[in-house]
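Predicted model, plus sequence, below.
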Amino acid sequence: MKELLHVPVSIRSWLNRKNTFAAMMQLQGKAFRDVKGRRTIQIKLGEHSYFVKQHFGVGWAEIIKNLVTFKKPILGAMTEVNAIQQLTQLGIPTTPLVAYGQRGRNPASLQSFVMTEDLGDIVSLEEVCADWVNNSPDAAFKQKLIIAVAELAAKLHQVGMCHRDFYLCHFVLKQAELKQGMVKLYLIDLHRMLQQQSTKGTAVMKDIAGLYFSAMACGLEANDIALFKQHYLPQNEAFWQQVCARAQKLYAKFNSEKFQKRLALEKQAIK
């Protein structure tokens with residue numbers, strides 16, 4: 001059985017198990033996401049808090065479903081591990097990598113995990129922008145945020161990386177830094193990251209469409225969108241038309257009765 005394991009001694013000392021991989025896969029904690037084949041939990045070891053994503057195998061049905069729809073199947077935690085390492089090299093802040101592991105040869109039954117540091121007291125851009133329609137933010141602060149998002153997106157896409165869940169909720173700021181007037185964005189939840197994508201390609205367009213969709217309720221004005229374009233990568237008009245069309249479809253899907261029911265069930269399962 002093929003095994004990859006990187007767990008520092010500081011973490012191993014808390015496990016009290018000879019089989020470190022099994023111990024990491026059996027860790028229990030506060031659940032933030034629990035879906036078929038994957039679970040995200042928060043744990044505390046001493047005074048330190050961590051997040052652990054445990055992948056239990058996707059199954060052949062999921063792999064085949066992705067392949068027939070020309071999507072790259074996500075087999076486990078190593079996609080996120082590699083993404084964190086790449087973002088760190090690029091200078092894009094994210095959740096610091098602590099430990100990771102993978103076991104198995106069969107792609108359908110691979111087991112894996114990734115452990116990251118807890119960023120602490122954070123707030124997502126979704127929360128920051130939630131009431132902008134009713135309470136306009138400080139103009140200078142709003143401009144800083146838009147430029148920061150655009151520059152992060154440009155840096156990511158310029159090297160061929162695409163997030164695939166590029167929504168405001170996955171851009172976060174540390175409350176302590178925010179109180180000091182800093183606008184430092186951290187990009188989180190990298191488990192679906194794609195690499196080697198064209199800056200003019202569909203994956204990049206879908207990223208920007210997802211971002212636009214998630215900001216549609218924030219009361220953005222034409223000059224806000226123009227500011228984003230100014231600090232993002234050069235794209236032609238056809239690209240931006242595709243972005244708008246896809247964002248509208250995502251908005252309609254998200255607000256459909258079927259999707260809202262599914263979302264409610266997922267939240268209930270976590271509770």
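Arrived safely. Residues are numbered from 1 along each chain as shown.

Spatially, what comes nearest to Leu156 if we skip its sequence neighbours?
Leaving aside its chain neighbours, Leu156 sits nearest to Ile92 (6.5 Å; criterion: C-beta to C-beta, 6 or more residues apart in numbering). (Glycine included, C-beta is placed from N, CA and C.)

Quick check, that neighbour in contact with Leu152.
Yes - under the contact definition of C-beta atoms under 8 Å, Ile92 touches Leu152, with a separation of 6.2 Å.

pull the CA atoms of stretch 88-97 into PDB?
The C-alpha atoms that make up stretch 88-97 are tabulated as PDB, following Å, rounded to 0.1, in the frame of the first residue of the first chain:
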ATOM      1  CA  THR A  88       2.800  30.400  -0.500                       C
ATOM      2  CA  GLN A  89       5.400  30.600  -3.200                       C
ATOM      3  CA  LEU A  90       3.400  33.200  -5.000                       C
ATOM      4  CA  GLY A  91       3.000  35.300  -1.900                       C
ATOM      5  CA  ILE A  92      -0.800  34.900  -1.800                       C
ATOM      6  CA  PRO A  93      -1.800  34.500   1.900                       C
ATOM      7  CA  THR A  94      -3.700  31.400   2.800                       C
ATOM      8  CA  THR A  95      -4.100  28.900   5.600                       C
ATOM      9  CA  PRO A  96      -0.600  27.700   6.600                       C
ATOM     10  CA  LEU A  97       0.100  24.100   5.900                       C
END
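
That one: which residues count as buried?
Within stretch 88-97, the residues scored as buried using 16 or more other C-beta atoms under 10 Å are Ile92, Pro93, Thr94, Thr95, Leu97.

can you check stretch 8-23 too?
Ile11, Leu15, Phe21, Ala23.

what do you get for stretch 62-78?
Burial within stretch 62-78, assessed by neighbour count using 16+ other C-beta under 10 Å, is assigned to Glu62, Ile74, Leu75, Gly76, Ala77, Met78.

Now secondary structure, pLDDT and distance to Ile188 too, for the buried residues of stretch 88-97, in CSV please.
Converted to CSV, the buried residues of stretch 88-97 look like this (DSSP: H, G, I helix; E, B strand; the rest coil; pLDDT from 0 to 100; distance: C-beta to C-beta, whole Å):
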residue, secondary structure, pLDDT, distance to Ile188
Ile92, coil, 97, 11
Pro93, coil, 97, 10
Thr94, coil, 98, 6
Thr95, coil, 96, 6
Leu97, strand, 97, 12
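
still on that earlier bit, and the least confident of the buried residues of stretch 8-23?
Lowest pLDDT of the buried residues of stretch 8-23: Leu15, 88.

Between the two ends of stretch 52-70, how far is it?
29 Å (C-alpha to C-alpha, to the nearest Å).

for the buried residues of stretch 8-23, which one is nearest Arg103?
Among those, Phe21 lies closest to Arg103 (C-beta to C-beta), at 5.7 Å.

follow-up on the earlier one: just put the buried residues of stretch 88-97 in CSV and tack on distance to Gln111.
Formatted as CSV, those follow (distance: C-beta to C-beta, whole Å):
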residue, distance to Gln111
Ile92, 28
Pro93, 29
Thr94, 24
Thr95, 21
Leu97, 19
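
Any figure for the gap between Gln102 and Ala176?
Gln102 sits 34 Å away from Ala176, taking C-beta to C-beta, to the nearest Å as the criterion.
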